[in-house]
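Here is a sequence with its predicted model. Questions after.
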Amino acid sequence: MKKMTRREWLAGTGGWALGGGAWSAVSAAAPAFPSRPITLWVPWAAGGATDISMRVLAELAGRQLGVTVITENRGGAGGTLAMPILHSAAPDGYTIAQLPYPVFRLAHTQKVLWDPVRDTTPIIQVSGVTFGLLVQAGSSFQSLEEMFAYAKARPGELSIATNGVGTTPHVVLESLFTARGLRYIHVPYKGTAEQINAIASGQVMAGVNSTGFGPAVDSGRLRLLATFAAQRSKRWPTVPTLRELGFDIVAQSPYGLAGPRGIPAPVVETLHNAFRKAMFDPVFINEIAKYDQELDYLGPADYARACREMLAQERINVERLGLAKESTGG
């Protein structure tokens with residue numbers, strides 16, 4: 001074996017040192033995250049409660065991050081249209097989205113190219129919404145039973161709006177009316193704002209939506225017949241829950257923020273820390289309180305676990321309701 005000369009040894013270590021130095025230089029040259037605006041996709045139409053509160057959250061988080069967080073809307077399909085965006089976006093932290101509950105259901109009811117667990121990087125759980133059954137302020141319906149009676153007397157004439165096919169409100173309605181052997185006309189809308197206007201103007205006879213309807217109820221535009229929460233709302237203590245009315249149904253819809261699969265851990269941490277500070281800001285807390293919401297914080301690891309549990313639970317739910325995508329082999 002040839003003995004290495006000092007010159008050869010120095011050349012070797014010099015090459016290694018140069019390589020390491022070059023690597024360090026490249027690393028040092030890489031801009032710190034974030035170095036440009038971040039886009040937050042909201043899968044609901046502009047002007048609704050979720051859109052407004054997400055814009056408030058984005059502005060507050062942007063102050064923490066030192067860059068603008070731009071809010072973009074892609075409403076429709078029951079709040080699931082942000083998933084294709086995350087599925088195809090680069091995992092660099094510059095594209096994130098509100099992750100609503102319906103994505104965990106749609107994965108079992110339709111053939112889609114994405115998976116809400118496999119194809120996302122959970123960042124933070126923020127809050128959750130409950131739902132309620134609404135009618136126009138001057139509606140003749142004073143209770144859910146009166147609505148059932150109308151549907152029984154006039155089959156197929158009762159029109160009820162929701163925020164989309166396959167959403168939690170739609171699934172609950174199917175359960176309620178199937179249990180009574182009754183039919184209704186389902187009218188899906190892209191967002192809360194246009195649905196509230198449709199109910200208030202009499203375009204539809206009733207509607208089910210998240211508690212973004214709060215201001216419309218408080219102002220007297222709409223009347224609340226029942227809520228879907230486990231307990232009565234402190235805001236509307238005279239309104240019964242579905243459980244009180246004899247239906248073993250509690251419908252809540254937690255939501256959070258996620259990015260594409262594979263975002264580096266340091267970037268996730270940066271995003272999480274900024275949005276956590278933003279969500280605990282009194283400005284945001286007061287904003288979601290308008291919609292009868294409270295904070296429901298989970299960090300990245302716990303939110304990832306919750307997402308897996310929601311996906312598994314929705315498989316059970318859709319199979320129980322006969323909504324599974326049997327025809328597609330899913």
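In hand now; what should we look at?

what about the helices in this structure?
Using DSSP state H, the helices of the chain run over 6-29, 49-65, 82-88, 102-109, 144-153, 168-180, 192-201, 214-218, 265-279, 282-289, 300-320.

Which elements pack onto the second one?
If you count contacts as 3 or more CB pairs under 8 Å, 6 or more residues apart in numbering; DSSP states H and E, helix 49-65 packs onto strand 38-42, strand 69-73, helix 265-279, helix 282-289. (Each C-beta comes from the backbone N, C-alpha and C, glycine too.)

Same question for the last one.
Helix 300-320 makes packing contacts with helix 102-109, strand 120-136, strand 252-260, helix 265-279 when contacts are defined by 3+ CB pairs under 8 Å, 6+ apart.

who's in contact with the first one?
If I follow you right, that is helix 102-109. Applying CB atoms under 8 Å, 6 or more residues apart in numbering, the set of residues contacting helix 102-109 from outside is 77-80, 82-83, 112, 114-116, 164, 166-168, 171, 253, 307, 310-311, 313-315, 317-319, 323-325, 330.

That one: which residues count as buried?
Residues of helix 102-109 classed as buried by neighbour count (16 or more other CB atoms under 10 Å): 102-109.

Please apply the same query to the last one.
Within helix 265-279, the residues that count as buried by 16+ other CB under 10 Å are 267-268, 270-272, 274-276, 278-279.

and of those residues, the nearest to G220?
M279 (30.7 Å; CB to CB).

What residues does the closest one make contact with?
M279 is in contact with 57, 60, 124, 126-127, 285, 295, 297, counting by CB under 8 Å, 6+ apart.

Quick check: phi and psi at the residue nearest the centre of the chain.
For the chain, the residue nearest the mean C-alpha position is P100 (1.7 Å; CA atoms, centre = their mean). Backbone torsions of P100, given as degrees, to the nearest 10, read phi -90, psi 160.

That one touches L81, doesn't it?
No - applying CB atoms under 8 Å, one finds P100 not in contact with L81, separated by 10.4 Å.

Just give the nearest non-adjacent residue to V56, would you?
Nearest non-adjacent residue to V56, counting by CB to CB, 6 or more residues apart in numbering: E287, 4.8 Å away.

P254 too?
Spatial nearest neighbour of P254, excluding adjacent residues (CB to CB, 6+ apart): G128 at 3.8 Å.

Now do the one you found: how many residues are near it, please.
Residues lying near G128 (other CB atoms under 10 Å) number 19.

how close does it sit to G47?
Note on G128: its distance to G47, by CB to CB, to the nearest Å, is 21 Å.

out of the helices and strands packed on helix 49-65, nearest to K234?
Per CB to CB, nearest to K234 of the helices and strands packed on helix 49-65: helix 282-289, 10.6 Å.

Okay, angle between the closest one and helix 265-279 too, please.
Put simply, helix 282-289 runs at 70 degrees to helix 265-279, going by axes from the mean of the first three to the mean of the last three CA atoms, to 10 degrees.

Can I get helix 282-289 in PDB, CA atoms only?
C-alpha atoms of helix 282-289 as PDB (Å, rounded to 0.1, in the frame of the first residue of the first chain):
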ATOM      1  CA  PRO A 282     -57.900  38.900  21.100                       C
ATOM      2  CA  VAL A 283     -58.800  40.300  17.700                       C
ATOM      3  CA  PHE A 284     -59.200  36.800  16.200                       C
ATOM      4  CA  ILE A 285     -60.900  35.500  19.300                       C
ATOM      5  CA  ASN A 286     -63.500  38.300  19.200                       C
ATOM      6  CA  GLU A 287     -64.000  37.700  15.400                       C
ATOM      7  CA  ILE A 288     -64.800  34.000  15.700                       C
ATOM      8  CA  ALA A 289     -67.000  34.700  18.800                       C
END
